[in-house]
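1. Pasted the sequence and its predicted model underneath.
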Amino acid sequence: MIKAYNYVKQIGLLTFLLLAIYFVNPFNKGFLAGYLILAIVFVNTKALRKEIDSTFILLSIFSLVYAAFYFFNLEQGVQWLFIYALFPQAFYLMGKRMVFDNSTPKNHFYLFFTLGTLYSITGLLSVGFNLLEGGFVQLGRTIANFWTGKETLATAMGAFFIFNMSIPGLLIASKRKLPLWFKLAALGIFFLSMLCVFRLGSRTQLVLVLLGILVAIAYRIKSQNVVTNFKFILVMVAIVTIGINYLSVDLDAEYLSSLGERLQDSENAASAGGRTMRWEKSLVNLYKKPLGWSVDEFGYSHNMWFDAARNGTTISFILLVIFTIKSISNIRRALRVNKNEILFNSLILIYNVVIFSQLFVEPALESLFILFIFYCFIQGVLNEYSDRSIEKQIQPDL
């Protein structure tokens with residue numbers, strides 16, 4: 001593996017810094033770093049010609065079509081016309097430029113983990129200072145954004161933690177392939193994130209923790225022999241048994257004042273916080289109102305694909321579904337490249353599962369656009385990783 005510093009040098013210190021700024025989005029000005037990344041990507045026409053592939057073309061068509069329909073309702077300002085039209089495919093190509101002939105899956109693992117942690121900084125700072133000021137027992141779940149002071153809904157604030165919610169799953173799947181310092185640091189990040197999730201009362205983030213753990217267990221069992229699996233299952237059963245018998249959770253405890261009440265609201269949980277009704281109406285509108293509909297009709301659909309249809313017509317919906325199917329195919333291809341790369345493969349699986357889960361319940365193109373860009377970036381890394389790995393496998397020995 002290339003040492004971390006040398007890998008960052010290959011990426012380019014300026015490029016890495018711009019990526020960090022964009023994903024942290026300080027003072028809501030991360031888009032400025034995005035414009036510079038856009039310039040870096042498209043100015044290098046020689047590299048650009050080699051990097052264009054079917055995923056890039058699909059993503060470009062979707063982005064341009066969605067931006068074209070957004071032009072008729074510039075509710076977030078004119079500059080978003082260019083952001084919607086160009087950022088997804090620019091970050092996809094930038095992802096491809098994170099992979100080199102001498103970079104390894106472990107380099108890519110640490111890259112994703114680092115950027116995912118940076119993405120959570122706004123949430124950690126915003127909720128962290130809120131906790132220091134008022135503790136867990138407070139009226140309301142809206143939190144002031146650390147950078148701008150703008151009040152942010154708990155669902156949007158909780159989305160900053162999705163990659164940190166993957167940490168237990170990653171540690172389960174790691175098979176002693178991670179150094180102790182990294183595990184301790186990761187557990188520290190997870191602990192702080194969980195305190196923030198308790199304050200927000202975010203059920204979604206708890207579901208993501210569970211999904212990550214289940215994916216990790218399933219993937220680890222699939223990749224091990226029978227004897228190892230038997231030992232692994234015994235350990236897991238022992239941990240669960242100890243947890244059930246010796247750990248108790250009081251939903252009325254102070255630190256669960258926001259979350260406990262929501263966990264006990266079974267009717268609200270059954271409808272995914274009222275989302276199922278919105279999904280049903282959105283599904284009907286796909287053919288009744290193919291040119292889109294107003295957000296005033298019943299609010300956001302709280303689903304990236306349906307909200308794309310609301311704002312960008314059924315055409316955008318279809319294009320986004322096609323891109324999604326292509327993305328899943330890309331993920332499966334990357335997982336087959338080297339089945340022995342347990343650490344990186346588990347990260348690919350877990351990160352994509354939690355991203356899809358979050359995008360499924362939020363209007364991501366309007367409220368979590370940076371997360372969607374992160375997903376496009378991941379797709380670029382995976383495709384270039386797959387292409388280079390397959391090229392090495394079929395290259396004859398000299």
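-> Thanks, I have the structure now. Residues are numbered from 1 along each chain as shown.

2. For F146, grab phi and psi.
-> phi -60, psi -40 (degrees, to the nearest 10).

3. What pLDDT is listed against it?
-> We have a pLDDT of 94 for F146.

4. how near is it to L125?
-> Counting by C-beta to C-beta, to the nearest Å, the separation of F146 from L125 is 4 Å. For the C-beta atoms, the positions are set from N, CA and C on the backbone; glycine is no exception.

5. what does N225 give?
-> For N225 relative to L125 (C-beta to C-beta), the value is 45 Å.

6. who's more crowded, these two?
-> Higher neighbour count among N225 and L125: L125, with 17 against 7, using other C-beta atoms under 10 Å.

7. Can you give me every residue that contacts the more buried one?
-> 146-147 (C-beta atoms under 8 Å, 6 or more residues apart in numbering).

8. What residues sit buried inside whichever helix or strand it is part of?
-> For L125, the enclosing helix or strand under DSSP states H and E is helix 121-134. Using 16 or more other C-beta atoms under 10 Å as the test for burial, helix 121-134 gives 121-128, 130-131.

9. can you give me the mean pLDDT across stretch 298-318?
-> 92.

10. I should have written stretch 89-100 there, sorry.
-> pLDDT averaged over stretch 89-100 gives 95.

11. Which positions in that stretch come out as buried?
-> 89-99.

12. In helices only, show me these.
-> Using DSSP state H, the subset of these located in helices is 89-96.

13. Which of these sits closest to L18?
-> M94 (9.0 Å; C-beta to C-beta).

14. thought that closest one was touching F42?
-> No - checked against C-beta atoms under 8 Å, the pair M94 and F42 is beyond contact range at 10.4 Å.

15. Find the centremost residue of this structure, please.
-> The centroid of the chain falls nearest to I355 when counting by C-alpha atoms, centre = their mean (3.8 Å).

16. Can you say which helix or strand has the residue lying closest to L206 once chain neighbours are set aside in it?
-> Nearest non-adjacent residue to L206, counting by C-beta to C-beta, 6 or more residues apart in numbering: V197, 6.9 Å away. Using DSSP H and E, V197 sits in helix 180-200.

17. angle of that helix against helix 121-134?
-> 60 degrees (axes from the mean of the first three to the mean of the last three C-alpha atoms, to 10 degrees).

18. what residues does helix 180-200 touch?
-> 113, 117, 120, 123-124, 127-128, 130-131, 136, 138, 141, 143, 154, 157-158, 161, 164-165, 167-168, 170-171, 174, 178, 205-206, 255-256, 258-259.
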